[in-house]
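Q: A predicted structure for the sequence below; I have some questions about it.
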Amino acid sequence: MTTEAAKVKTWRNWSGAVVAHPSGFLQPESVDALKAALRDASAQARTVRVVGSGHSFPPLCATDETMVSLEALRGLESVDERTREAVVWAGTNLRELGTLLASHGLAMENLGDINKQSLGGALGTGTHGTGVGLGILSTQAAAMTLVTASGDEVTCSEDASPELLQAARVSLGALGVVTRVRLRLLPAYRLRLTRRNLGLEECLAGLHEARARHRHYEFFWFPHSDRVMTKAMDLTDETPHGVGMGRWFSEMVMENAVFGAVSRACRMRPAWCAPVSRLSAKLASEGVLAGESHTLFATPRLVRFQEMEYAVPVERGPDCLRELSEYIMREQLPVHFPVEYRFVRGDDVFLSPAHGGDRAFIAVHQYRGMPLEPYFSGAEAIFRNHGGRPHWGKLHTQTAETLKHLYPRWDDFQRVREQLDPEGRFLNPYLRRLFLGEGARRPRNETGGARLA
Ligand SMILES: Cc1cc2nc3c(=O)[nH]c(=O)nc-3n(C[C@H](O)[C@H](O)[C@H](O)COP(=O)(O)OP(=O)(O)OC[C@H]3O[C@@H](n4cnc5c(N)ncnc54)[C@H](O)[C@@H]3O)c2cc1C
């Protein structure tokens with residue numbers, strides 16, 4: 001049965017910047033209902049966008065036609081504790097998934113820094129964590145099942161249709177609706193997290209060694225300062241510690257409530273951004289804690305922002321960051337959000353930003369309601385100059401014309417897309433720009449198929 005949630009007249013993404021008014025919002029409660037809905041949409045020549053938990057920054061999901069949510073298709077379909085694999089419904093969110101897997105003594109190999117995303121959405125945009133030995137989350141998908149625009153079900157795996165799997169692993173919802181994913185997992189494990197406050201140049205000088213030594217390594221650079229906070233995570237058998245009230249205070253009070261209030265003040269008085277960033281650098285607390293992996297990766301993000309993230313070849317990362325720092329200082333840009341720097345192992349997924357080699361992922365953020373320009377356009381120029389590829393779930397200004405030169409398997413992805421969706425039923429204006437090059441270059445505050453609030 002499909003529930004037509006007529007009340008959903010307005011849809012907003014997490015940042016609140018993308019607003020859409022789908023004429024139909026469907027929550028299929030079975031694969032058969034989903035198939036029927038897609039057949040129906042095809043028969044009426046309607047565009048369909050599938051939405052996860054709406055945590056992407058660009059208008060990937062926006063449509064004024066049919067929006068499909070897999071909210072009702074969640075949980076584990078099956079688990080094989082011996083082979084350490086589980087078939088998971090794509091509507092499951094990552095937080096829920098961590099708990100479900102833990103009850104079977106299993107865990108994801110890696111996760112990003114929030115766990116609110118749906119599995120389908122996280123894989124759909126190439127969501128990643130950090131660790132130079134660890135790929136984007138999609139590399140943990142050993143098989144995927146999709147329902148295509150014609151309402152047919154297709155399953156691809158490493159043994160059967162490996163090429164389709166390499167396309168489906170990061171597909172932005174442009175090939176069909178992913179219903180189930182067979183995930184390769186690890187026995188449940190604990191991590192020890194160590195936070196340190198360092199000088200930027202000291203951090204960059206030791207970066208090669210640090211990223212190789214730790215299972216997970218990342219750092220946050222505080223703009224207008226020469227300080228960073230590093231975060232290293234390694235396997236441990238320590239009893240969980242430091243994950244109680246102390247962590248709650250640091251994450252909920254300092255990183256969210258206080259940071260939220262300070263951000264509102266910076267929005268009113270942009271001149272405060274630089275001193276606030278320098279103060280945050282001084283206050284960034286050092287410490288060690290340990291816990292089950294699925295409870296440690298994510299932190300709450302209650303302060304809303306806009307984000308751009310690029311993946312540059314790993315050896316270009318330090319120069320890229322130095323140029324970004326010079327740019328912010330030279331232009332005296334009002335920025336108080338730290339810049340995040342992470343590592344991802346190279347892979348061969350067609351549209352993975354880490355396709356073909358290890359990458360450093362560098363992310364810039366701006367508080368909601370503060371101007372993105374000229375910060376984001378300057379940062380994007382620096383990233384592109386270093387051979388960067390954009391994170392699909394974050395803001396960027398690339399189009400098919402530029403993207404096709406960044407991805408060696410671009411044409412292969414397009415071929416698969418045209419085979420599975422010849423009528424372009426899954427393309428909204430934003431995706432038509434990314435995949436077909438339609439539409440002139442738009443100013444950042446304009447979207448395809450949606451209005452920015
Ligand atoms: C606060 C915050 C923190 C973040 N942290 C990280 C991070 O640490 N690392 C990182 O890499 N990214 C991060 N992101 C980005 C985020 O992981 C991605 O944007 C992710 O795609 C969001 O998942 P979602 O379920 O909200 O998907 P949505 O944004 O709803 O959808 C994303 C894409 O996936 C497609 N999709 C969704 N479900 C399906 C399905 N079942 N079948 C086919 N296609 C589908 C959609 O059509 C769309 O194209 C963060 C975002 C926010 C807001």
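A: Perfect, thanks for sending it.
Q: ok so residue 204 is a helix residue?
A: Yes: with DSSP: H, G, I helix; E, B strand; the rest coil as the criterion, residue 204 is located in a helix.
Q: Regarding the residue lying closest to it once chain neighbours are set aside, what is its secondary structure?
A: The shortest distance from residue 204 to any non-neighbouring residue, by C-beta to C-beta, 6 or more residues apart in numbering, is to residue 318 (4.6 Å). Where C-beta positions appear, they are placed from N, C-alpha and C, glycine not excepted. Here residue 318 is helix, with the state taken from three-state DSSP.
Q: Would you confirm that residue 318 contacts residue 203?
A: No: using C-beta atoms under 8 Å, residue 318 is not in contact with residue 203, being 9.2 Å away.
Q: so what's residue 387 up against?
A: Listed by C-beta atoms under 8 Å, 6 or more residues apart in numbering, the contact partners of residue 387 are 312-313, 316.
Q: same thing but at 10 Å, please
A: Counting by C-beta atoms under 10 Å, 6 or more residues apart in numbering, residue 387 touches 310-313, 316, 320, 359, 406.
Q: ok, now which ones touch the residue nearest to residue 204?
A: 200-201, 203-205, 207-208, 312, 341, 360.
Q: Would you mind giving me the confidence score for it?
A: pLDDT, residue 318: 98.
Q: near the ligand, which residues of the stretch 151-300 of the chain?
A: Contact residues (C-beta under 6 Å from any ligand atom) of the stretch 151-300 of the chain with the ligand: 172-173, 177-178.
Q: With distance to residue 354, pLDDT and neighbour count added, can I get the contacts of residue 318 in CSV?
A: Listed next are the contacts of residue 318 as CSV, based on distance: C-beta to C-beta, whole Å; pLDDT from 0 to 100; neighbours: other C-beta atoms under 10 Å:
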residue, distance to residue 354, pLDDT, neighbour count
200, 24, 97, 19
201, 26, 96, 12
203, 22, 98, 22
204, 21, 98, 20
205, 24, 97, 13
207, 17, 97, 20
208, 18, 97, 13
312, 11, 98, 24
341, 15, 98, 26
360, 10, 98, 27
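Q: Which one of these is nearest to the ligand?
A: Checking the contacts of residue 318 against the ligand with C-beta to the nearest ligand atom, the nearest one is residue 341 at 12.2 Å.
Q: beta partners for the closest one?
A: residue 219, residue 362 (DSSP bridges).
Q: Quick check, it in contact with residue 322.
A: No: the criterion here is C-beta atoms under 10 Å, and residue 341 misses it with residue 322 at 11.6 Å.
Q: shared neighbours, these two?
A: With C-beta under 10 Å, 6+ apart, residue 341 and residue 322 have common neighbours residue 204.
Q: Contacts only, for residue 181.
A: Residues in contact with residue 181, defined by C-beta under 10 Å, 6+ apart, are 77, 86-90, 92, 119-120, 122-123, 137-138, 140-146, 168-169.
Q: From those, keep the buried residues only.
A: Among those, those classed as buried by 16 or more other C-beta atoms under 10 Å are 86-90, 92, 119-120, 122-123, 137-138, 140-146, 168-169.
Q: Would you report which members of the contacts of residue 181 are assigned to helices?
A: Of those, the ones assigned to helices by DSSP state H are 119-120, 122-123, 168.
Q: for those, which one is nearest residue 327?
A: residue 122 (30.7 Å; C-beta to C-beta).
Q: for the protein, which spans come out with low pLDDT?
A: Residues of the chain that meet the criterion pLDDT under 70 lie in 1-8, 245-246, 248-250, 252-254, 440-453.
Q: what's the next secondary structure element after whatever helix or strand residue 99 lives in?
A: Counting by DSSP states H and E, the element that carries residue 99 is helix 94-102. Counting by DSSP H and E, the next helix or strand C-terminal to helix 94-102 is strand 106-107.
Q: Any residues of the stretch 301-450 of the chain in contact with the ligand? List them.
A: So far as C-beta under 6 Å from any ligand atom goes, the stretch 301-450 of the chain lies against the ligand at 301, 391, 393.
Q: are any of those residues buried, and which?
A: 391, 393.
Q: Reformat the residues of the stretch 301-450 of the chain next to the ligand as JSON lines; add secondary structure.
A: Formatted as JSON lines, these follow (three-state DSSP):
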{"residue": "301", "secondary structure": "coil"}
{"residue": "391", "secondary structure": "coil"}
{"residue": "393", "secondary structure": "coil"}
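Q: tell me which of the residues of the stretch 301-450 of the chain next to the ligand is nearest to the ligand?
A: residue 393 (2.4 Å).
Q: contacting residues around that closest one?
A: 52, 55-58, 60, 112, 117, 121-122, 124-127, 172, 307, 309.
Q: And residue 142, by the same measure?
A: 83, 85, 87, 157-159, 165, 181-185.
Q: just those residues now: which is nearest the ligand?
A: residue 181 (8.9 Å).
Q: that's a strand at the closest one, yeah?
A: Yes: Residue 181 sits within a strand when classified using three-state DSSP.
Q: who does it bridge with?
A: Assigned bridge partners for residue 181, using DSSP bridges, are residue 88, residue 144.
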